[in-house]
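Engineer: Model the following, please.
(4 chains)
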2 protein chains.
Amino acid sequence: MINEIPEVVILRLPLYARVLAILDDQGTDVVSSQTLGTMLQATPAQIRKDLSYFGRFGKQGRGYKVSGLLRELRQILGLEKQWSVVLIGVGQLGRAILSYGGFAPQGFHIIAAFDSNPASVGQRVGDLVVRDVKDLETVAGDRQVDIGIVAVPAEACQEVVDLLCQSGVRAILNYAPVQPRTPKGVWVRDIDPVVALQSMTYHLKSLEGRRDTAGGRGRRVAAASS
Amino acid sequence: MINEIPEVVILRLPLYARVLAILDDQGTDVVSSQTLGTMLQATPAQIRKDLSYFGRFGKQGRGYKVSGLLRELRQILGLEKQWSVVLIGVGQLGRAILSYGGFAPQGFHIIAAFDSNPASVGQRVGDLVVRDVKDLETVAGDRQVDIGIVAVPAEACQEVVDLLCQSGVRAILNYAPVQPRTPKGVWVRDIDPVVALQSMTYHLKSLEGRRDTAGGRGRRVAAASS
DNA sequence: TTCTGTGAACGGATTCACAGCA
DNA sequence: TGCTGTGAATCCGTTCACAGAA
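Structural biologist: Numbers count the residues shown, from 1 in each chain, chains lettered A, B, ... in the order given. From the prediction side, this is the model:
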């Protein structure tokens, strides 16, 4: 195994983990690449190949043990660890992110929220008090911060990202509609629902007006970051 | 031009349009693939090649006229049209989506919101009254609905997506943490911030503890849908 | 027999490199 | 001279197909 693991493979692992968790909940204990492929809309060969980058998790003639494979993937992805996250930007979007219950159960803990607007600073939001973005480096000096979530307007994005990078953050989930530049070693995923919609309208456009065309076949594309 | 246009190219066009809009606002009137490449963190060759699938928009020795290219891209992507959107699921996430001001200015108009919870049905949210999801087909029969945004729990996702497809919707922006199955001709983009985070932790894990490693160079990956 | 793991073949996307136009 | 447009070359990810383990 001299291989460099392709980034696309890494992007798929969380999806594998997600369906394995569902299977595990259902009490399924063994699953084949075939079945997994059906659930994930992928080929069995792709799943086997992807997993083979990391080890030999299956049993020939049987398949993969659900709980075991799930544990392996969580291990590989670093999901057994608790990650500390800071949020920058406590506008409408930022508040929605803070109140979203989906992060903590997956080990992502938002430990602080920042804004630059003096009107927001000091406000209580959920169980955090909004701090001035100027304090970010101080906070990051006190406690390790692994991940930053950026929910500021486009104009402020690069500045905020620079600050996060200076503060030692190495992963950024960016909701601003621009692609910030980062130094090597800092990872970014962009989430922009408008961009996601805009690439679908390309396909809709061509079927204009028709309601029941069997035309261009729909496809699914991983739409997370850029 | 006998070519089928690669889907990855379509996924990049909205990003091109986004920076061109910024340049246009700034009053820049000509831009080279070089400059565009720097702004988008892409190679100039890729940008030229991508654009060449659709026509010859540049002038040798000069570059691309910003406003002209922007207009072309908006045309190609179908962004000059107004698109009608329905939202399914008016929980916390759904409400945040409704109050998000970023869709309408880009031509995406949320014309109705649905939920299955009787407690929500009839409630006023923004300037919409939440309707019962059972009325979806009726509404879609009255007015053309182009796009569905799904913001329901994982368990309800497939059911809701099936209903949207039956109602003639051909593009779905899915916020539920599962990948729904759709018939050919229906496009899906998945947005799951947790999945986006989980593929970054893979990279963070390996640098564990170190604060200033020049280790694995960070990369940017389009993280929109799947 | 069934299903994994994997080298080899394939196909598609990116990059190169240059001809050609302004 | 500067930069586009584009075939050709390259790179990389996916799929095939089969050997081998249960």
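
Engineer: what's in contact with the lengthiest strand in chain A?
Structural biologist: Longest strand in chain A by number of residues (criterion: DSSP state E): strand A:108-115. Strand A:108-115 is contacted from outside by A:82-91, A:94, A:97-98, A:103-104, A:121, A:125, A:128, A:130-133, A:135-136, A:139, A:143, A:145, A:147, A:149, B:194, B:197, using C-beta atoms under 8 Å, 6 or more residues apart in numbering or on different chains. All C-beta atoms are positioned from the backbone trio N, CA, C, and that covers glycine.

Engineer: ok, now stretch A:126-140?
Structural biologist: So stretch A:126-140 is in contact with A:86, A:88, A:90, A:98-99, A:110, A:112-116, A:118, A:120-124, A:145, A:160, A:163-164, A:166-169, going by C-beta under 8 Å, 6+ apart.

Engineer: cool, stretch A:49-62 as well?
Structural biologist: Here stretch A:49-62 makes contact (C-beta under 8 Å, 6+ apart) with A:1, A:3, A:5, A:9, A:12-13, A:16, A:30, A:32-33, A:48, A:64-65, A:68-69, A:72, A:76.

Engineer: Which among these count as buried?
Structural biologist: Among the contacts of stretch A:49-62, those buried by neighbour count (16 or more other C-beta atoms under 10 Å in any protein chain shown) are A:9, A:12-13, A:16, A:30, A:32-33, A:48, A:64-65, A:69, A:72, A:76.

Engineer: Mind putting the residues you listed into a markdown table with secondary structure and distance to residue B:55?
Structural biologist: Below are those laid out as a markdown table (DSSP: H, G, I helix; E, B strand; the rest coil; distance: C-beta to C-beta, whole Å):
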| residue | secondary structure | distance to residue B:55 |
| --- | --- | --- |
| A:9 | helix | 35 |
| A:12 | helix | 34 |
| A:13 | helix | 39 |
| A:16 | helix | 40 |
| A:30 | strand | 53 |
| A:32 | coil | 47 |
| A:33 | helix | 43 |
| A:48 | helix | 42 |
| A:64 | strand | 48 |
| A:65 | strand | 53 |
| A:69 | helix | 48 |
| A:72 | helix | 49 |
| A:76 | helix | 44 |
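
Engineer: Buried ones in stretch A:49-59, by neighbour count?
Structural biologist: Neighbour counts over stretch A:49-59 (16+ other C-beta under 10 Å) mark A:50, A:51, A:57, A:58 as buried.

Engineer: what pairs with the last one across the strands?
Structural biologist: Taking DSSP bridges, one obtains residue A:64 as the residues bridged to residue A:58.

Engineer: For it, give its distance to chain B.
Structural biologist: Between residue A:58 and chain B the computed distance is 21 Å (C-beta to the nearest C-beta, to the nearest Å).

Engineer: swap in the second one?
Structural biologist: As judged by C-beta to the nearest C-beta, residue A:51 and chain B stand 14 Å apart.

Engineer: Pick out the least confidently modelled helix or strand of chain A, by mean pLDDT.
Structural biologist: Across the helices and strands of chain A, the lowest-confidence element by mean pLDDT, DSSP states H and E is strand A:223-224, at a mean of 52.

Engineer: Break down chain A into its strands, ranges please.
Structural biologist: A:30-31, A:58-59, A:63-65, A:83-88, A:108-115, A:124-125, A:128-129, A:131-132, A:147-150, A:171-174, A:187-190, A:220-221, A:223-224.

Engineer: nearest to residue B:204, of those?
Structural biologist: Closest approach to residue B:204 among the strands of chain A (C-beta to C-beta): strand A:171-174, 5.6 Å.

Engineer: Does that closest one reach chain B?
Structural biologist: Yes. Strand A:171-174 reaches chain B (C-beta under 8 Å from any C-beta of the partner chain) through A:171, A:173.

Engineer: Mind giving me the packing neighbours of that strand?
Structural biologist: Counting contacts by 3 or more C-beta pairs under 8 Å, 6 or more residues apart in numbering or on different chains; DSSP states H and E, strand A:171-174 packs against strand A:147-150, helix A:154-166, strand A:187-190, helix B:193-206.

Engineer: Okay, now the sheet partners of it, with direction.
Structural biologist: Strand pairing for strand A:171-174, determined by DSSP bridges: strand A:147-150 (parallel), strand A:187-190 (parallel).

Engineer: domain assignment for chain A?
Structural biologist: Domains of chain A are assigned by automatic domain parsing as A:7-77, A:83-193.

Engineer: in stretch A:131-144, what counts as buried?
Structural biologist: A:131, A:133, A:136, A:140.

Engineer: any idea which of these is closest to chain B?
Structural biologist: residue A:140 (9.6 Å; C-beta to the nearest C-beta).

Engineer: Quick one: neighbours of the nearest residue to residue A:11 once chain neighbours are set aside, just the number.
Structural biologist: Nearest residue to residue A:11, sequence neighbours excluded (C-beta to C-beta, 6 or more residues apart in numbering or on different chains): residue B:199, at 5.0 Å. Applying other C-beta atoms under 10 Å in any protein chain shown, we find 26 residues neighbouring residue B:199.

Engineer: try residue A:105
Structural biologist: By other C-beta under 10 Å, 8 other residues sit near residue A:105.

Engineer: so can I have CSV of the strands of chain A showing distance to DNA strand D?
Structural biologist: Below are these laid out as CSV (distance: least, C-beta to the nearest atom of the strand, whole Å):
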stretch, distance to DNA strand D
strand A:30-31, 11
strand A:58-59, 5
strand A:63-65, 11
strand A:83-88, 25
strand A:108-115, 26
strand A:124-125, 40
strand A:128-129, 39
strand A:131-132, 40
strand A:147-150, 24
strand A:171-174, 20
strand A:187-190, 16
strand A:220-221, 11
strand A:223-224, 14
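
Engineer: So which bits of chain A are right by DNA strand C?
Structural biologist: When proximity is defined by C-beta under 7 Å from any atom of the strand, chain A lies next to DNA strand C at A:32-34, A:44-45, A:48-49, A:51-52, A:56-64.

Engineer: mind listing what the residue nearest to residue A:115 when sequence neighbours are not counted touches?
Structural biologist: Of all residues not flanking residue A:115 in the chain, residue A:90 sits nearest, at 4.3 Å (C-beta to C-beta, 6+ apart). Applying C-beta under 8 Å, 6+ apart to residue A:90 gives the contacts A:98, A:113, A:114, A:115, A:120, A:123, A:125, A:130, A:151.

Engineer: Which among those count as buried?
Structural biologist: Buried members of these, scored by 16+ other C-beta under 10 Å, are A:98, A:113, A:114, A:115, A:120, A:125, A:130, A:151.

Engineer: was I right about residue A:176 contacting residue A:150?
Structural biologist: Yes. The pair residue A:176 / residue A:150 is scored as a contact, 5.7 Å apart, by C-beta atoms under 8 Å.
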